[in-house]
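Asker: Let's see this in three dimensions:
(one chain, ligands or ions: 2)
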Amino acid sequence: MMKATVRQQVTVPLRFTDGYTTPARVMTFDGLVDGQEHLALGLGDWQRALTKSAAGGRAPMVRPHSECLTGDVFGSLRCDCGPQLREAVERIAEQGGFLLYLRQEGRGIGLYAKLDAYALQDSGLDTYEANVALGRGEDERDYAAAAQMLFAVGADRVRLLTNNPDKALQLEKYGIDVTQRIPTGVHMSPANVRYLATKATHTSHTIELPLAE
Ligand SMILES: Nc1nc2c(ncn2[C@@H]2O[C@H](COP(=O)(O)OP(=O)(O)OP(=O)(O)O)[C@@H](O)[C@H]2O)c(=O)[nH]1
Ligand SMILES: [Zn+2]
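Answerer: Ligands and ions are numbered 1, 2, ... in the order given. You can find the predicted model right below:
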């Protein structure tokens, strides 16, 4: 795999809508294989986490988060992306590590296509069937660039914050040592319960859902 390098890093103070604040070291990259403008956010004492990991201690916590404009920015209740992002930033900041903000809108099909998929879901298809009906893959995400970013920041061993087994499998395939997979919380709403249930049954996401009535 081609090597990527950190292109720039700047500190950005974050404040979420619920008032939670933390500084983030926002990093950009040169040489990412997919040509996208992905970001890594170094959170908490990420430098100490890297030093400890290199000495054989606990690996830094890392969450690969796929972009979701509607959820991350506008607070859409159709998915769980906004609350997951908020949760991940705080958990990583507590322990030191990285949030990878990956420009993989709509599981890689893009924003307009995701909204087309939402329209199909409103006429009965589930989240995966809708992608297929559009002639797209159920999930087109590839994590090669994410692996490149982790190597570039020196995090080749990670504790991965995700419920998605594919993220761990792909990162391992690209040479990252995933020492542990940590589940994220489940952020359910009436509008996203079907979406979450489909993820759990269709792609073995580790999502614990209360039984539907
Ligand atoms: N095509 C499509 N994409 C969706 C839909 N709902 C959410 N997404 C996208 O799915 C992605 C969600 O990504 P993640 O938060 O990384 O979720 P995940 O793959 O389930 O894995 P974890 O959250 O890590 O467990 C984002 O890119 C969203 O834009 C949908 O109905 N159709
Ligand atoms: Zn979302």
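
Asker: Please identify the residues of this structure in proximity to ligand 2?
Answerer: When proximity is defined as CB under 5 Å from the ion, the chain approaches ligand 2 at 68, 71, 79, 81. For every residue, glycine as well, the C-beta is placed using N, CA and C.

Asker: Filter the residues you listed down to the ones in helices?
Answerer: If you go by DSSP state H, the residues of the chain next to ligand 2 have residue 81 in helices.

Asker: how about the helices in this protein?
Answerer: Going by DSSP H, the chain shows helices at 46-54, 81-95, 111-122, 127-133, 144-153, 165-173, 193-202.

Asker: how about the most centrally placed residue in the chain, what does it touch?
Answerer: The chain has residue 65 as the residue nearest its centroid, 1.5 Å off, counting by CA atoms, centre = their mean. Residues in contact with residue 65 (CB atoms under 8 Å, 6 or more residues apart in numbering) are 81, 84-85, 88, 99-102.

Asker: could you measure the nearest residue to residue 175 once chain neighbours are set aside against ligand 1, distance?
Answerer: Nearest residue to residue 175, sequence neighbours excluded (CB to CB, 6 or more residues apart in numbering): residue 147, at 6.3 Å. To ligand 1, residue 147 is 15 Å away according to CB to the nearest ligand atom, to the nearest Å.

Asker: Could you do residue 160 as well?
Answerer: The spacing between residue 160 and ligand 1, counted by CB to the nearest ligand atom, is 8 Å.

Asker: Just the terminal-to-terminal distance for stretch 93-113.
Answerer: 33 Å (CA to CA, to the nearest Å).

Asker: Likewise for stretch 65-80?
Answerer: Start-to-end, stretch 65-80 (CA to CA) is 12 Å.

Asker: Can you mark which positions in that stretch are buried?
Answerer: 65-68, 70-72, 76-80 (16 or more other CB atoms under 10 Å).

Asker: ok, is it in contact with ligand 1 or not?
Answerer: Yes. Interface with ligand 1: stretch 65-80 contributes 65-68, 79 (CB under 6 Å from any ligand atom).

Asker: excluding its backbone neighbours, what's nearest residue 180?
Answerer: residue 159 (4.4 Å).

Asker: for the one you found, which residues make a bridge with it?
Answerer: Beta bridges link residue 159 to residue 61, residue 180, judged by DSSP bridges.

Asker: near ligand 1, which residues of this protein?
Answerer: Counting by CB under 6 Å from any ligand atom, the chain sits next to ligand 1 at 65-68, 79, 81, 84, 104-107, 109, 114, 117, 127, 131, 162-164, 167, 184, 199, 205.

Asker: what's next to stretch 31-38, contact-wise?
Answerer: Contacts of stretch 31-38 (CB under 8 Å, 6+ apart): 1-5, 28-29, 100-104, 142, 144-146, 148-149.
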